[in-house]
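J.: The following block contains a protein sequence and its predicted model.
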Amino acid sequence: MINDKGNLQAKAQKILKAMGGIENIVAGKIDNCATRLRIQVKDIEIVNEGLLRRQGALGFIHLQDNQIQVVFFDVHNLAEELRTQALK
């Protein structure tokens, strides 16, 4: 679990980098359920799963239309921070 806002922001920044940067994420396409981040990207080939694993990702599900689901613990707070950073 991420205990403080600074750690949450840093982790979200690393996840965004692993997803190919904010510019690779389709606007408004960061969502979540209880255990998964659901993100639609423009180019799935530049998503760095190794870097995502280093940030605590437990697994990946690839769907059509460049959608990727990434399994994390504490995904709700993480998804909120990703959405906040994507809007900056």
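T.: Yes, it's here.
J.: Going by C-alpha atoms from here, please, whenever you check contacts or count neighbours.
T.: Noted.
J.: The longest strand anywhere in the chain packs against which elements?
T.: Criterion DSSP state E: the longest strand present in the chain is strand 25-32. Counting contacts by 3 or more Cα pairs under 8 Å, 6 or more residues apart in numbering; DSSP states H and E, strand 25-32 is packed against strand 36-41, helix 75-86.
J.: can you list contacts of that strand?
T.: Here strand 25-32 makes contact (Cα atoms under 8 Å, 6 or more residues apart in numbering) with Met19, Leu37, Arg38, Ile39, Gln40, Val41, Lys42, Val75, His76, Ala79, Leu82, Arg83.
J.: Torsion angles phi and psi at Met19?
T.: phi -80, psi 0 (degrees, to the nearest 10).
J.: contacting residues for it?
T.: Ile25, Val41, Ile46, Val47, Asn48.
J.: and the first one, how many residues sit next to it?
T.: The number of residues packed around Ile25, counting by other Cα atoms under 10 Å, is 21.
J.: what sits against the nearest residue to Leu63 once chain neighbours are set aside?
T.: Nearest non-adjacent residue to Leu63, counting by Cα to Cα, 6 or more residues apart in numbering: Gln69, 7.8 Å away. Applying Cα under 8 Å, 6+ apart, we find Gln69 in contact with Arg36, Leu37, Arg38, Ile39, Phe60, Ile61, His62, Leu63.
J.: Take the helices and strands packed on strand 25-32 and write them to TSV, including mean pLDDT.
T.: Formatted as TSV, those follow (pLDDT from 0 to 100):
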stretch	mean pLDDT
strand 36-41	96
helix 75-86	93
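J.: Tell me where the longest helix sits in this structure.
T.: Taking DSSP state H as the criterion, the chain has its longest helix at helix 5-18.
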